[in-house]
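Undergrad: I need the structure of the sequence given here:
(chains A and B)
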Number of protein chains: 2
Amino acid sequence: MAKRTVYCGLVSKAELEQTVTLKGWVQKRRDLGGVIFIDLRDREGIVQVVFNPELSKDAWEIADKCRSEYVIEVTGKVILREAAAINPKMKTGEFEVIASEITVLNKAKTPPFAIEDDQEISDEIRLKNRSLDLRRPKMTQNIIMRHKTTQAIRHYLDEKGFLDIETPYLGKSTPEGARDYLVPSRVHPGHFYALPQSPQLFKQLLMNAGFDRYYQIARCFRDEDLRGDRQPEFTQVDMEMSFLTVEEIQEITEGMIAKVMQEVKGIEVTLPFPRMTYDEAMNRYGSDKPDTRFAMELVDLGDVVKDVDFKVFQMALTSGGVVKALNAKGAASKYSRKDMDNYAHYVGQFGAKGLAWVKVEEDGLKGPIAKFLTEKQAEIIAATDAEVGDLIMFGADSFNVVTAALGAVRNKMAKELGLIDESKFNFLWITDWPQFEYSEEEGRYVSAHHPFTLPKKEDIQYLATDPTKVHAEAYDIVLNGYELGGGSLRIHERELQEKMFAALGFGRVEMQEQFGFLLDALDYGFPPLGGIALGLDRFVMLLAGEDNIREVIAFPKNGKAADPMTQAPSTVSPLQLFELNIEVTATEED
Amino acid sequence: MAKRTVYCGLVSKAELEQTVTLKGWVQKRRDLGGVIFIDLRDREGIVQVVFNPELSKDAWEIADKCRSEYVIEVTGKVILREAAAINPKMKTGEFEVIASEITVLNKAKTPPFAIEDDQEISDEIRLKNRSLDLRRPKMTQNIIMRHKTTQAIRHYLDEKGFLDIETPYLGKSTPEGARDYLVPSRVHPGHFYALPQSPQLFKQLLMNAGFDRYYQIARCFRDEDLRGDRQPEFTQVDMEMSFLTVEEIQEITEGMIAKVMQEVKGIEVTLPFPRMTYDEAMNRYGSDKPDTRFAMELVDLGDVVKDVDFKVFQMALTSGGVVKALNAKGAASKYSRKDMDNYAHYVGQFGAKGLAWVKVEEDGLKGPIAKFLTEKQAEIIAATDAEVGDLIMFGADSFNVVTAALGAVRNKMAKELGLIDESKFNFLWITDWPQFEYSEEEGRYVSAHHPFTLPKKEDIQYLATDPTKVHAEAYDIVLNGYELGGGSLRIHERELQEKMFAALGFGRVEMQEQFGFLLDALDYGFPPLGGIALGLDRFVMLLAGEDNIREVIAFPKNGKAADPMTQAPSTVSPLQLFELNIEVTATEED
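TA: Numbering: from 1, shown residues only, chains lettered A, B, ... in the order given. Take a look at the predicted model:
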């Protein structure tokens, strides 16, 4: 083998009239009047290689036998193409390589799908042949974009004095949070490690150790049922800092994101990002991760309709609920009565009993419930800033149901109406989260973030008496309607941490058993601290304009948490189970 | 909280006469004639803070109550110490901070051990209180050194066009290699993931995908019994490249190591590193990872002693074995007959039946076997380059036993004799490894590296007939007698890969079942490829001058693969086991 002198996709003016050696895959071979043209592909792109039998009969003969995806090495001279042959769509489209030598490094059978973008290939086939799927230019570029993203993050954090410190993957199972993946211990029969859902406690302990600024691009694991952008394992940009305020942590995070946007997308974002409290976000957008690329905000109509004689509104208001409206500008003509019936059905999944609506016409509000609103027509139009042609929807129920329903309608309808500028990257901080949420399933309050989150000072008094009043020093960062990450200040005092565990229903023994090592560490000079974790997969997905994180993970699992390529998970030998002191109680057929 | 302006350990001329704000831990508090001196510590080091009651009574009163490991914030002015008070042992020893303000950010109980180096603390206590253990300056610096090492590696590889790509941690269990850690699947009853022993196959597939240059600082897992520098999980600098020769891969690796040595240790290493074949290393050093910081090489005496009438030598030679000698220069007076008896016992663990020896005196060789050697005395002295005062030891047995025994004696005696220059970093490539080694346990040949290692072209003919003759395109990198890493070219052709599996005793069905996805991928234009993996824990251990990798891992496991801090592994709830469709057949008492 000769040394490669340049990547195919990077052949440029610098190589003009030079002899180059290329290595790559045959994208396409054409024979035009006895001259063979090979599009040669590597990770950087494609360049055209020309085999002229008059120049080298030997090379021509070998080239003639090359098929798609053969791996070849080519040596030749870079020349400018004739004007007519220039391909402005290709990065290397001005050039071609006149080959004098060729070596076939490996042959290829016809692959199960063409190595091109925009192929209709089933997910199973793609995952089964993942290394071929990754050859497709878009996939190659997605993985390269992921590399560039982590690189920009690392460079930024290194500069800011963060230390990259590894934490264990073989950890302990804890009752809080999602379901753990377990790893049976051979040395300790009947005992199990758990794969970490995040390095949360370890990073807090690293602050206790005095490392001051920690980061890790860490794999995390959750054994949950999979949805569109969930995977059994995912990657988190994990950061923790001592002695900083919420604002300082946000500023560092923003700087990191700005660096990524600049280096990966060439976009200069405006800093600081907007901040909004959780309560405001829920009120205005019906979402704790609002997509602010479009307006269409929720409007509270409680005051306006409080005397309207419409049972649905009255019931909502008298039982402590709300009435809110959503105005889809100019959408009246785009949605039929049937479409709106479908929407009424759609909001059912959020607990709403229906979706009342009116259209704004020249002579006032029209639609099924218009008759109830006649007297308040002008006020409703004013409150929702409505004009003729608008479609106004109403939600009347508990705050949670109304915001969930209208928030979802807002997102869905905005997509349908084309209100979203896909080129925008709207970052937003959501702050002042509730400390707890009530779990119907467990019949108790659970942590909205995690049990180590610092409550706001003024709310600590309510910890034992009225948990719903307690807000946390917690902040999420939202991008285009996706939760990109979240963080908080942490509790650094034992007494408060014990109160927090108590509020979550932990008894003394239980908290010592599960988190004794943290409580003990809090005794010996734990510094004030806080941090954040960003979902790397999701961030890169959004940067790449994809809608599933599988598209930015080299070897993801399918919707059933399996890898169709390696056939993981698989059955194992009886000896393996014997050594682990476990028995299988049910087995799925292969 | 005010903003920190500088780390304690970095207070320098730049801050002289400036007001600074520091945050850190109280290392020591002294009251000298009514003035309080606090040594304040953070990750960068210690600075002296002075509280003078005449300057600020309030601050003085708070400082007076501070105890060791209190977390405080201090604002004050940096001044030069008086000449007599300068401490040349401290980085900040010329300066002190005259405090005007102090805030106690957290109190501390007396820690279970003093936060100082060179404490005698049991490993269990250290691991149980790991965040306090990590506060000790040496441990803090070890972890910072690890960060600097990975940072240097990443910068170098980024520059060389390597892409950092993540591979799965939930993989498939394979029969080759060490014991896997298993993870039961909830979705697929009776099926298990395995944690990776290395990303070997994934990185090969990434080359097939065309990424050309891959790296990952990857966690790897082996469920083996633990020894000094083994942990259940360890970290590997994992690299793979397409289209390169062994020499090119070695050159890239050397450049990376040179960069680490320069940035982390300030040492310029000479490139290229020496290269030695496996056979030469075994012959000369009795080791496949020779420590070349000292000579004391093995000398073959087969020819010299072939007619000597000493049964042990004769038996070894006539049964196809060897006779080798080791000359410990000037060691004759340092080892008594009893010491040598102990050595004879010591080599028993390598299968040797004893360790014959003679001392070189003015009037010739002396010692238990000297009488057999009289006639060949001059030749032996010449061959071993011996002088009066030397101690010559002999090994006579099979090649494997003699090299193992004398190689171990060489290392042990060199330490005792102080022959090793601990300041040296001797890197060395060991090349041309045997492809197979015979496993007595399994009664078949197994891969010396792994089944994807490319055999040397000229040896492929022996694959089916005489596996012992097959050498591999494999290379290890050795540092000071430790295997730092290893790599090889890989097989990129299906036919050869199938032959290799066959030589390892795999049937057709078995190879398809276990490695079908690799064999299939080899059909579609797999590029020539190779790579290497370095043990990061061991590398940092050697850089830090430690002798156990636990000293360079933030949260390691103990000798029983457990974490005394979090109590991992632990028992889990019956519900967890039920959901995973497994039952425990034996349980260790907690």
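
Undergrad: doesn't A:Leu206 lie inside a helix?
TA: Yes. Using DSSP: H, G, I helix; E, B strand; the rest coil, the assignment for A:Leu206 is a helix.

Undergrad: tell me how many other residues surround it.
TA: A total of 28 residues lie near A:Leu206 under the criterion other Cβ atoms under 10 Å in any protein chain shown. To be clear about C-beta, it is placed using only N, CA and C from the backbone, and glycine gets the same treatment.

Undergrad: so where's the stretch 101-250 of chain A shaky on pLDDT?
TA: A:228-229 (pLDDT under 70).

Undergrad: now for whichever residue of the stretch 151-300 of chain A sits closest to chain B, how many residues are close by?
TA: As assessed by Cβ to the nearest Cβ, chain B sits closest to A:Gly190 within the stretch 151-300 of chain A, at 2.9 Å. Residues lying near A:Gly190 (other Cβ under 10 Å) number 21.

Undergrad: list the residues that contact it.
TA: A:Asn581, B:Thr571, B:Val584, B:Ala586, B:Thr587, B:Glu588 (Cβ atoms under 8 Å, 6 or more residues apart in numbering or on different chains).

Undergrad: please enumerate the helices of the stretch 251-400 of chain A.
TA: A:278-285, A:302-305, A:311-318, A:337-346, A:370-373, A:377-383, A:399-416 (DSSP state H, counting those that start in this stretch).

Undergrad: rewinding a little: what's the PyMOL line that selects buried ones from the contacts of A:Gly190?
TA: A single PyMOL command selects the buried members of those (16 or more other Cβ atoms under 10 Å in any protein chain shown):
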select buried, (chain A and resi 581) or (chain B and resi 571+584)
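
Undergrad: closest to B:Lys371 out of the contacts of A:Gly190?
TA: B:Glu588 (58.1 Å; Cβ to Cβ).

Undergrad: now do the phi/psi pair for A:Asn558.
TA: Per-residue torsions, A:Asn558: phi -80, psi -170 (degrees, to the nearest 10).

Undergrad: how close does the closest residue to A:Gly525 other than its chain neighbours get to A:Leu479?
TA: Of all residues not flanking A:Gly525 in the chain, B:Ala108 sits nearest, at 3.5 Å (Cβ to Cβ, 6 or more residues apart in numbering or on different chains). Per Cβ to Cβ, to the nearest Å, B:Ala108 is found 40 Å from A:Leu479.

Undergrad: okay, those two: which has more neighbours?
TA: Just comparing B:Ala108 and A:Leu479: by other Cβ under 10 Å the higher neighbour count belongs to A:Leu479, 23 against 20.

Undergrad: do I have it right that the more buried one meets A:Phe539?
TA: Yes. Here A:Leu479 reaches A:Phe539: they are 7.4 Å apart, a contact under Cβ atoms under 8 Å.

Undergrad: I'd guessed A:Tyr524 sits against B:Asn106; true?
TA: No. A:Tyr524 is not in contact with B:Asn106 according to Cβ under 8 Å; the separation is 9.0 Å.

Undergrad: JSON lines for the helices of the stretch 251-400 of chain A, including distance to B:Asp118, mean pLDDT and mean neighbour count?
TA: Shown next, in JSON lines, are those (distance: least, Cβ to Cβ, whole Å; pLDDT from 0 to 100; neighbours: other Cβ atoms under 10 Å in any protein chain shown):
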{"stretch": "helix A:278-285", "distance to B:Asp118": "50", "mean pLDDT": "97", "mean neighbour count": "20"}
{"stretch": "helix A:302-305", "distance to B:Asp118": "70", "mean pLDDT": "94", "mean neighbour count": "18"}
{"stretch": "helix A:311-318", "distance to B:Asp118": "71", "mean pLDDT": "94", "mean neighbour count": "17"}
{"stretch": "helix A:337-346", "distance to B:Asp118": "69", "mean pLDDT": "96", "mean neighbour count": "14"}
{"stretch": "helix A:370-373", "distance to B:Asp118": "81", "mean pLDDT": "92", "mean neighbour count": "18"}
{"stretch": "helix A:377-383", "distance to B:Asp118": "73", "mean pLDDT": "95", "mean neighbour count": "16"}
{"stretch": "helix A:399-416", "distance to B:Asp118": "59", "mean pLDDT": "97", "mean neighbour count": "20"}
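
Undergrad: for chain B, which of the ones you listed is the nearest?
TA: helix A:278-285 (24.1 Å).

Undergrad: list the contacts of the closest one.
TA: Residues contacting helix A:278-285 (Cβ under 8 Å, 6+ apart): A:276, A:287-292, A:297-298, A:300, A:399, A:403, A:407, A:410, A:430-434, A:471.

Undergrad: go back to those and keep what's next to chain B.
TA: By Cβ under 8 Å from any Cβ of the partner chain, no member of the contacts of helix A:278-285 lies near chain B.

Undergrad: restricted to strands, list those.
TA: A:Met276, A:Leu298, A:Asp300, A:Ile430, A:Thr431 (DSSP state E).

Undergrad: the second one contacts A:Val409, correct?
TA: It stands for A:Leu298. No. Applying Cβ under 8 Å as the test, A:Leu298 and A:Val409 come out as separate, 9.6 Å apart.

Undergrad: neighbours of A:Arg67, how many?
TA: A:Arg67 has 12 nearby residues by other Cβ under 10 Å.

Undergrad: report the contact partners of it.
TA: Counted by Cβ under 8 Å, 6+ apart, A:Arg67 has contacts A:Val26, A:Arg29, A:Lys107, A:Ala108, A:Thr110.

Undergrad: can you give me the strands for the stretch 1-150 of chain A?
TA: Ranges of strands in the stretch 1-150 of chain A, per DSSP state E, counting those that start in this stretch, are A:19-32, A:35-42, A:45-51, A:71-80, A:95-106.

Undergrad: what is the mean pLDDT for the longest one?
TA: Read it as strand A:19-32. Here strand A:19-32 scores 97 as its mean pLDDT.

Undergrad: please compute how far that strand lies from its chain's middle.
TA: 37 Å (Cα atoms, centre = their mean, to the nearest Å).

Undergrad: what about it, near chain B?
TA: Yes. Counting by Cβ under 8 Å from any Cβ, chain B is contacted by strand A:19-32 at A:Lys23, A:Gly24, A:Trp25.

Undergrad: okay, and the beta partners of the second one?
TA: Right, A:Gly24. Beta-bridge pairing of A:Gly24, defined through DSSP bridges, involves A:Ile72.

Undergrad: run a quick neighbour tally on A:Gly348.
TA: Look at A:Gly348: counted by other Cβ under 10 Å, it has 13 neighbours.

Undergrad: just A:Gly505 next, same as before
TA: A:Gly505: 12 neighbours (other Cβ under 10 Å).

Undergrad: can I assume it sits in a strand?
TA: No. Read with three-state DSSP, A:Gly505 is coil and lies in no strand.

Undergrad: I figured it was touching A:Gly443, is that so?
TA: No. Using Cβ under 8 Å, A:Gly505 is not in contact with A:Gly443; the gap is 9.2 Å.
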